[in-house]
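Undergrad: sequence first, predicted coordinates after that:
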Amino acid sequence: MNTTKSLDSSTLRKTSLLFWCTFVIPVAIIGIGINFILNPVGASTAYGIPMHDPATFPFMWIKGIRDIFSGLVVLTFLWVCAAHLYSLGNSALHDDRCRVSSEKEGRLT
């Protein structure tokens, strides 16, 4: 019985569904940040904390900048990690360190 697990279906590659589903989250965060910068009243109302005083706009802009930066950081890690995993190829995913040491115990070594 072959107990070696293939990781091809769950590998993060730029052509996989996993990559693109993960890609949507930071893009949405960036979109929320842009909304807070361009439309602080509407965005804060949609967020659930209506702020109509122009003195509070700088706080909304800071939140927008923070969201954009957070989304860009996540996108950077996503692209770098996907490129790194892609460059490793299948040999790094299927080496002997990923085999099951004992069929009875089912532990990875």
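TA: Everything's here; your move. Residues are numbered from 1 along each chain as shown.

Undergrad: now for residue 28, how many residues are close by?
TA: 12 (other CB atoms under 10 Å). In this view, the C-beta of every residue, glycine as well, is placed from N, C-alpha and C.

Undergrad: and it, how close does it get to residue 54?
TA: Distance from residue 28 to residue 54, counting by CB to CB, to the nearest Å: 27 Å.

Undergrad: just residue 48 next, same as before
TA: 20 Å.

Undergrad: which of those two has more neighbours?
TA: Between residue 48 and residue 54, counted using other CB under 10 Å, residue 54 has the larger neighbour count: 9 against 6.

Undergrad: in contact with residue 41, which residues?
TA: Applying CB atoms under 8 Å, 6 or more residues apart in numbering to residue 41 gives the contacts 50, 51, 52.

Undergrad: buried subset of these?
TA: Neighbour counting over the contacts of residue 41 (16 or more other CB atoms under 10 Å) leaves residue 51 as the buried ones.

Undergrad: specify which member of the contacts of residue 41 is nearest to residue 81.
TA: Nearest to residue 81 out of the contacts of residue 41 is residue 51 (CB to CB; 36.8 Å).
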